Structures are given as structure tokens and as C-alpha cells.
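Participant: Sequence and predicted structure are below.
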Amino acid sequence: MKLSCLQENLNRGLNIVGRAVAARSTLPITQNILISAEESRLKLAATNLEMATTCWVGAKVKKEGSITVPARLLIDFVSSLPNDLIEINLPAGSRSLELKCGHFQARINGIDAADFPPIPEIGDGPTTSIAAPSLKEGIAHVAFAAATEESRPVLTGINTEFDGDQLNLVAADGFRLAVHKTTLGSPVKEKLTVIIPARVLNELNRLIGDQEEPVEITVNAQKSQILFRLKDAQLVSQLLQGSFPNYSQVIPESYTTRAVVDIAEFMRVAKISSVFARDASGIVRLVITPGAELTPGKVTVSAQAEEVGDNVGEIDALIDGEEAKIAFNVKYLSDVLSVLEQSQVALEVTTPSSPGTLRPIGVDNYVHVIMPMFVQW
């Protein structure tokens, strides 16, 4: 193998695949990156056996070949080099990769590419595409609500429904539920539901970056793996097996009180209350009070920690319905407010023991449900 490429391009490619490298593994080679010179480009690949990322970097290939080398060592070395041309050479019959850039050179001992786990080829199942910004928005709106504990594995994933030209992304962790709907670029012939690990979609969101080209999505015929094909990279992941809870029955169908508030103000008052709430199990109390004829309604947000103290904050609101009270975990409230791009959000509640619902004003493709905290009023 013999080739040359720019340090900037190689560094970017290594950062793309580096996140798929196994942190700890019983298979040492999964802590390596596969480097393969083919035709007029350099292929980089990494896998932790659950997820595999492949990236292509423009290069001048003089001789084809492949090797795997320790990921952390290669990434750290290349990122430290000057922005210049890197010459890469793997002598015939050798397992030591030689790199030279300006006044710097190194030899990195590797493992034969034949021992690297094969990257799954997926091309025999349903395929669709979606605009990159739409997919990024959908992931950002739901991924944070997925469970992080493995006690119920399906809840660590995003329930992904392909239905005609609709894509529904759903996440829940038992305390909150996020549902985002968006439009596919090309419709699917049959309805398809799969559960994608949330950490995989978070990684995909990072890979998409500011890409404008559509993302192509393929699910294999066995519904065990999914492929996301981007402009210069692709990501393959195992799918979670199991049944996602029936989330539609968790979404309240009606409300007795609806408060429309400014998101930035709501965020500020929640953040201030969180200072006291952290010593009180994260609980903040919300009291929604309708206005009189000439005065606006208001939402009062408070937190009280017996040993520390308490605080109260108020924001103006457009209230529809009667006075209401509800308590939330302030983290769950802040999490959803921080991902909304709109200027206003509607908070819908019924009783202090019923879920509260947040819907951004101006769009109808997102709903977020938070389970209440039980407190003494």
C-alpha cells in the first residue's frame, strides 16, 4: 500500500470513524481502525460490533492494500501533525504502517486486515431517503428522552416507524415521552417499524453535521440491521429486538388548562428554580393562574429545599381554562425546552397527578409528555 493525502482530510476522516471504535472489547482488533487504499481514495472503517462506521477520504493511491492499526495512537498522531501532505506506506509483507509528513515520521505496528470483523453489506431490504435537516431535527427532538439504563433494552432505543411518506420517531424512558413526525423523501411500499439504539442516532446526528444532501436509509430483510448512507460516510447498526410500549395511550387526549408561554422565559425561570430543586429531588412546582379582564395570566414556578431555602419565579402566559397545579422534574422540563426552535410552547395539564403535555406553537409534528412528581401542595 502506498498513497498520499492531506492531513486535514485524513484527520477529519479519522474523527468520523473514531467514535465507532470499541472502548473495551474482548476482541482487541475492534480497537483498531481499518485503513484500505482502493482506486483513487482511502477507506477508513471502525466497529464495536454493534455499530460500524465507514468513511472515504480523497487520496492519491499509487499502490492498493490494507492494514488495521490502533485507533487512539493513529488519531492522536495524525491530529498533531501540521496541515501538510501525509505520505502513507505499507511495505509488501510488512505489518508496520509508515507515515511521513513534513519533518515528522512514524511507524505504527498493526494487525492484518483479514482479521478485521467484516462490515455488514445491506442492500436487500426496504430503502428510503430523507432530507438531512429533517432527520437531524427529529433526532434532536427525541434522542434525549430515551432511557440510559439497560433494565428495559427497548427503551434505550428510538422506535422508528416508516409509513408511506411519514417517518415517526418515538423515545420514552418511563418518565417522559417524545414523539416527532416528519416527511420522507421517498415513500416506503410497506409500513415498517424498527428500534434503533439512541446512541447510534446521536452518532448519526454528529456525522450529518451540515450536510445538505439527503440521507439514504436501508433496513435489511431480516430487520436486524440498518444502514445510513451519507455523502462521504456510512453507518451500519444492529437493531434492538423486542416490542416498544404502546405510546399513543400515554398522550393525553384532552386538557382542562392550557398555558402558552415564551420558551426563553420558561427556560430562564426553570433554570433559576433548578438551583434550589437540586436539593429537593429535582422537583419544581408549577401553578397556572388565569388572568383577569385586563391582566395577563401567569405561570408561577417554585422550588423548595427544606435545608437550603426556596425560590419563586413568575412568567406571563396566555391561559385557556381553570387554575391548575403540577410538579415536574426540572431536568425533564429543561431538556425539552432546550431543543425547541420555536418562540412559544403550550403546556397542557388536567390534574396534578396526570401527565403534562408540551407542544411547540406553530408546528404540529412534535409532542412531549412528562409524568408528574407527587408533592404536598
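Facilitator: Arrived safely.
Participant: low-scoring stretches of the protein, by residue?
Facilitator: Across the chain, nothing is flagged by pLDDT under 70.
Participant: May I have the phi/psi pair for the residue nearest the centre of the chain?
Facilitator: Among the residues of the chain, the one closest to the centroid is Asn202, at 2.3 Å (Cα atoms, centre = their mean). Asn202 adopts backbone torsions of phi -60, psi -40, taken as degrees, to the nearest 10.
Participant: now swap in Glu203 and tell me
Facilitator: Backbone torsions of Glu203, given as degrees, to the nearest 10, read phi -70, psi -40.
Participant: What count of nearby residues applies to it?
Facilitator: Neighbour count of Glu203, defined by other Cβ atoms under 10 Å: 20. To be clear about C-beta, it is placed using only N, CA and C from the backbone, and glycine gets the same treatment.
Participant: who's in contact with the nearest residue to it once chain neighbours are set aside?
Facilitator: In space, and not counting its chain neighbours, Glu203 is closest to Arg19: 5.7 Å by Cβ to Cβ, 6 or more residues apart in numbering. Residues in contact with Arg19 (Cβ atoms under 8 Å, 6 or more residues apart in numbering) are 46, 53, 203, 206.
Participant: Quick check: which element contains the last one?
Facilitator: It refers to Arg206. In the assignment (DSSP states H and E), Arg206 maps to helix 198-208.
Participant: Where do the helices of the stretch 251-377 of the chain begin and end?
Facilitator: If DSSP state H, counting those that start in this stretch is used as the criterion, the helices of the stretch 251-377 of the chain fall at 263-277, 330-339.
Participant: out of the ones you listed, which comes closest to Leu3?
Facilitator: helix 330-339 (41.8 Å; Cβ to Cβ).
Participant: list the buried ones in the helix or strand hosting Ala37?
Facilitator: Using DSSP H and E, Ala37 falls within strand 32-38. For strand 32-38, the neighbour count (16 or more other Cβ atoms under 10 Å) marks 32-37 as buried.
Participant: still on that earlier bit, so how far is Leu337 from the residue nearest to Glu203?
Facilitator: Arg19 is 28 Å from Leu337, where distance means Cβ to Cβ, to the nearest Å.
Participant: I'd like the C-alpha coordinates of stretch 133-143 written as PDB, please.
Facilitator: Output of stretch 133-143 as PDB, limited to C-alpha atoms (Å, rounded to 0.1, in the frame of the first residue of the first chain):
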ATOM      1  CA  PRO A 133     -32.000  18.800   8.200                       C
ATOM      2  CA  SER A 134     -35.300  17.000   8.800                       C
ATOM      3  CA  LEU A 135     -33.600  13.900  10.200                       C
ATOM      4  CA  LYS A 136     -31.300  16.000  12.400                       C
ATOM      5  CA  GLU A 137     -34.300  17.900  13.900                       C
ATOM      6  CA  GLY A 138     -36.200  14.600  14.500                       C
ATOM      7  CA  ILE A 139     -33.200  13.000  16.300                       C
ATOM      8  CA  ALA A 140     -32.600  16.100  18.400                       C
ATOM      9  CA  HIS A 141     -36.200  16.200  19.500                       C
ATOM     10  CA  VAL A 142     -36.400  12.700  20.800                       C
ATOM     11  CA  ALA A 143     -33.000  11.100  21.500                       C
END
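Participant: Show me what counts as buried in it.
Facilitator: By neighbour count with 16+ other Cβ under 10 Å, stretch 133-143 contains the buried residues 134-143.
Participant: if you look at these, which of them are in helices?
Facilitator: 134-142 (DSSP state H).
Participant: Could you single out the nearest of those residues to Leu99?
Facilitator: Closest approach to Leu99 among these (Cβ to Cβ): Lys136, at 34.2 Å.
Participant: ok so, going back, tell me which other helices or strands the helix holding Arg206 touches.
Facilitator: Applying 3 or more Cβ pairs under 8 Å, 6 or more residues apart in numbering; DSSP states H and E, we find helix 198-208 packed against strand 51-58, helix 132-142, strand 157-163, strand 233-238.
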